[in-house]
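J.: sequence? don't have it. structure:
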């Protein structure tokens, strides 16, 4: 009888986990779409070299720097939740099944540490984006180099994707060790987040090349990130993605 009760409790716990994960994912997708709609109405500046500069990283349209930063970070959190949750949920699921008894506090601490690292990476991305935007507006020579440099960035992302360094990071992104302490769970979440941020560096840079709020690019990056993490038996997935980036980078450079 106890075994039956425990089995029912475990089944209910699994169901709650799936339901909560699905709700968070749907909410993040809806928030990303809403922010995309609001940001798409922002003005873009034509730049030397024939490209358009987004106002995402500047306090245009009457905004302050604080408001611009807050808007970007909010968008970043929603976007990265939508992009990373499919693969991170699989890690959390594996973490749960190693527990004798599911501890929501440990799962929450692990998730909070992971989210903290991605949020900090968003702040860093905004600072770098703001510096680049100011430099591009002040230096026409730099602005004219951007189209070619964008191809170089995508090309380097492809090289990184095919590297052994990326393969090692990817292996670490597929699981997280079990612990029984909230502080250690937080640190493990941060460590896992750092591995994932580094592992996604090439794909994230590619997303910035096409526009951080380009929904088509975002969808493709989500599929790529999820595929290379959830299909470990297909070892060529990262290489296939890398070759695609190499070809894309070359096309951008010669256009």
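T.: Structure received. Note that the structure is predicted; figures quoted are calculated from it, not measured.

J.: hang on, residue 96 packs against residue 104?
T.: No. Contact status for residue 96 versus residue 104: not in contact, 9.9 Å apart, counting by C-beta atoms under 8 Å. Bear in mind the C-beta positions are built from the backbone N, C-alpha and C, glycine included.

J.: which one of these two is surrounded by more residues?
T.: Using other C-beta atoms under 10 Å, the more surrounded residue of residue 96 and residue 104 is residue 96, with 18 against 11.

J.: the more buried one and residue 111: what is the separation?
T.: Separation of residue 96 from residue 111 (C-beta to C-beta, to the nearest Å) stands at 12 Å.

J.: likewise residue 133?
T.: The spacing between residue 133 and residue 111, counted by C-beta to C-beta, is 32 Å.

J.: more neighbours, these two?
T.: Counted by other C-beta under 10 Å, residue 133 and residue 111 do not tie: residue 111 has more neighbours, with 21 against 18.

J.: quickly note the distance from that one to residue 88.
T.: Residue 111 sits at a distance of 8 Å from residue 88 (criterion: C-beta to C-beta).

J.: chain center to the one helix or strand residue 228 maps to: distance?
T.: Residue 228 belongs to helix 215-230 when elements are defined using DSSP states H and E. When C-alpha coordinates are averaged (C-alpha atoms, centre = their mean, to the nearest Å), helix 215-230 and its chain have centres 9 Å apart.

J.: over to stretch 103-116?
T.: Taking C-alpha atoms, centre = their mean, the mean C-alpha location of stretch 103-116 is offset from the chain mean by 18 Å.

J.: now swap in stretch 189-209 and tell me
T.: Taking C-alpha atoms, centre = their mean, the mean C-alpha location of stretch 189-209 is offset from the chain mean by 6 Å.

J.: average pLDDT for that stretch?
T.: Stretch 189-209 shows a mean pLDDT of 94 in the predicted model.

J.: could we number from 4 for the rest of this?
T.: Renumbered: residue one is now 4, and that last one reads stretch 192-212.

J.: stretch 183-201: which residues count as buried?
T.: Of the residues in stretch 183-201, 185, 187-189, 191-201 count as buried by neighbour count, 16 or more other C-beta atoms under 10 Å.

J.: go on, stretch 50-69?
T.: Applying a neighbour-count criterion of 16+ other C-beta under 10 Å, the buried positions in stretch 50-69 are 50, 52, 56-61.

J.: got those as JSON lines, with pLDDT columns?
T.: Rendered in JSON lines, the data for the buried residues of stretch 50-69 read as follows (pLDDT from 0 to 100):
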{"residue": "50", "pLDDT": "86"}
{"residue": "52", "pLDDT": "82"}
{"residue": "56", "pLDDT": "84"}
{"residue": "57", "pLDDT": "82"}
{"residue": "58", "pLDDT": "80"}
{"residue": "59", "pLDDT": "82"}
{"residue": "60", "pLDDT": "85"}
{"residue": "61", "pLDDT": "82"}
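
J.: from those, which land in strands?
T.: Where the buried residues of stretch 50-69 overlap with strands, as defined by DSSP state E, the overlap consists of 50, 56-57.

J.: take those and lay them out in CSV including distance to residue 179.
T.: CSV is the format used below for these (distance: C-beta to C-beta, whole Å):
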residue, distance to residue 179
50, 43
56, 39
57, 35
